[in-house]
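*Asks:* model the following, please.
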Amino acid sequence: MATPSVTATASATATAAPSSKPTPTSTTTTTTTYRARDHARAQAGTEVDAMPVLPASGWPAPPEGVAAEDVVWAETVAGGNYTHKVLARGTELRLTDLTGDACAHLLLHCADRPWERLNTADTVKVFWNAYLGEGHLLLSDQGRVLASVTRDTSGRHDALTGTSSLARNTARYGDGTAQSASPAGRELFKLAALKNGLTPRDLPPSVSFFQGVRIAEDGTAEFTGSVGPGGTVTLRAEQDVTVLLANVPHPLDPRPAYTCGNLGVLAHRARPTAPGDPLWEATPEGRRAFLNTADHLTARGIA
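*Replies:* Predicted structure coming up:
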């Protein structure tokens, strides 16, 4: 597959889920199997705003200091779409709000033990902080670290609300099914989960990045929105993890139209957090979570 240009990946926000398929012209004929095959093959090399780059090493702008061959995931995800990938321990995953309207809803599962998965309640309460940001650890219900937030230039995130539902999107936009112009985040998570051998029962509450929520003095959730285009969040996988991402409007976004912009996804090989790293020693709670993780991995002969 050809590599898309850097400018193409930062296209304008769409108010409906953009198609990733080229639109046939009026002269296209697929009335026979041979013509359908020829038409399909003719799409080779087509570039669209939102697409994966294969191989990922073909991405034109690796992070500074990262060799192209170390890039393992490069993709632009359109609004109203989803993606997924299994990442090795130590991999760094950078998410970028390309337009100022992306909202990256995230779930993490241990790659070989999907029953161990992101627990938003523990992620919030263990660190005495409901607001995600640089230095925060994403925990499982086993008290182990699934991923750490190593860099954050946005500061507008949410660990409390979760993603949108079929019922809510149907009431608000007229439809919330996965194939509609206004798919709900949970419906897209179901598809991503299915492709990794998971079921709806395996989908806990998610966290989201780039569209903020704060809790007011009276306990109500206030939507604070985005900081604008270009915000990034970098996560480091502290175990082998299955990553599920749904790029859909935040459920508290007050705009009447289904509005969600392109999301940049870029991952590269790196090293997991180790003893002596400032992140390991940042808080007593974090140190305990890293020790729990190390104990588990050591017993399995992984670390």
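
*Asks:* pLDDT score assigned to Ala88?
*Replies:* If you check Ala88, the pLDDT there is 98.

*Asks:* surely it touches Thr242?
*Replies:* No - assessed by C-beta atoms under 8 Å, Ala88 is found out of contact with Thr242, at 11.4 Å. Placement of C-beta: from N, CA and C, glycine included.

*Asks:* higher neighbour count, the two?
*Replies:* Thr242 (24 against 15; other C-beta atoms under 10 Å).

*Asks:* look up the closest residue to the more buried one, ignoring the ones flanking it.
*Replies:* Spatial nearest neighbour of Thr242, chain neighbours left out: His109 (4.4 Å); criterion: C-beta to C-beta, 6 or more residues apart in numbering.

*Asks:* my guess is the one you found contacts Asp240. True?
*Replies:* No - using C-beta under 8 Å, His109 is not in contact with Asp240, being 9.9 Å away.

*Asks:* who's more crowded, those two?
*Replies:* His109 (27 against 19).

*Asks:* can you name every helix or strand that the host helix or strand of the more buried one contacts?
*Replies:* Using DSSP states H and E, His109 falls within strand 104-110. For strand 104-110, the packing partners by 3 or more C-beta pairs under 8 Å, 6 or more residues apart in numbering; DSSP states H and E come out as strand 113-117, strand 145-152, helix 185-194, strand 207-209, strand 241-247.

*Asks:* report the contact partners of Val248.
*Replies:* 79-80, 103, 105, 163-164, 183-185, 188, 260 (C-beta atoms under 8 Å, 6 or more residues apart in numbering).

*Asks:* hmm, I typed the wrong one, I wanted Gly212.
*Replies:* 155-158, 223-226.

*Asks:* hang on, the earlier thing: distance-wise, check the residue nearest to Thr242 relative to Leu132.
*Replies:* Distance, His109 to Leu132, by C-beta to C-beta, to the nearest Å: 19 Å.

*Asks:* go on, Asp240?
*Replies:* Distance of Asp240 to Leu132, computed by C-beta to C-beta: 22 Å.

*Asks:* now Leu279
*Replies:* To Leu132, Leu279 is 14 Å away according to C-beta to C-beta.

*Asks:* do the same with Leu95
*Replies:* Going from Leu95 to Leu132 by C-beta to C-beta gives 12 Å.

*Asks:* neighbour-wise, which of the two wins?
*Replies:* Of the pair Leu95 and Leu132, Leu132 is the one with more neighbours under other C-beta under 10 Å, namely 27 against 23.
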